[in-house]
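**Q** Curious how this folds, go ahead:
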Amino acid sequence: MFRYNDALRHAERRLVFDVEGLRRLAAQSVDRSPADVVNLSKLAEGGFNRSFLITLRDGFQMVARIPYPAMVPKYYAVASEVATMDFLRSSWLPTPKVYGYSPESDNAAGTEYIFMEFVRGTKLSDVWLGLGEQEVISVLFLSPLAEACTIHKT
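**A** As a prediction, this is how the structure comes out:
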C-alpha cells in the first residue's frame, strides 16, 4: 500500500492526554466514583476522533470520544457534535445520550472530550454494501426529519 506523508499523518493523529484524568471525568459524568472505572480500552479510530470504551464495576459502559489534534477548531467541532446529537434526539431520532463533554482542553484529561452512551448493535458500515436500493433510500431519506430536509418544488 502506498502511503503519502505517512510520518506527517501519524504526527497529526498523535494524541497526548491524561488517562487517569479522563477516567475521573468519565466517572463524574455519570455520578460515580473514579474507583468504579474498571477498564478503559481503545474502541476505534475514525477520521476525526479516537474512541474509548469505558467499563464500570457494575457493567455499565460508555464511550469517550477525543478529537485528533488536527481537528480545528476543536471547540466548535465538539460543541457542534453535542448540539447536533441533542437536536436529533429531540426530533425522535435514536442518537447516543451525552453524559458530559468539554470543548476545551482545560480540564483534568488535558483534552477535549465527549462522554456518551454506548449503543450496541450492527454498524451501518458492516451491512451497507449488502443493502438493496430501497433499503439505502430508507436510510438516507425516510427519517422523521425527511420532510423538514426535503426541498419542495412549486
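**Q** Could I get the contacting residues of the residue minimising distance to the centre of the chain?
**A** Closest to where the C-alpha atoms of the chain average out (Cα atoms, centre = their mean) is residue 65, at 4.7 Å. Contacts for residue 65 (Cβ atoms under 8 Å, 6 or more residues apart in numbering) come out as 49-52, 113-114, 116. Every residue, glycine included, has its C-beta placed from N, CA and C.
**Q** Compute the distance between it and residue 132, please.
**A** Using Cβ to Cβ, to the nearest Å, residue 65 is found at 32 Å from residue 132.
**Q** if we can go back for a sec, so which of the contacts of residue 65 comes closest to residue 82?
**A** residue 114 (6.1 Å; Cβ to Cβ).
**Q** Helix or strand: which one has the closest one?
**A** Assigned by DSSP states H and E, residue 114 belongs to strand 113-117.
**Q** Does anything pack onto that strand? Which helices or strands?
**A** Contacts defined by 3 or more Cβ pairs under 8 Å, 6 or more residues apart in numbering; DSSP states H and E place strand 113-117 against helix 19-29, strand 61-67, helix 74-90, strand 98-102.
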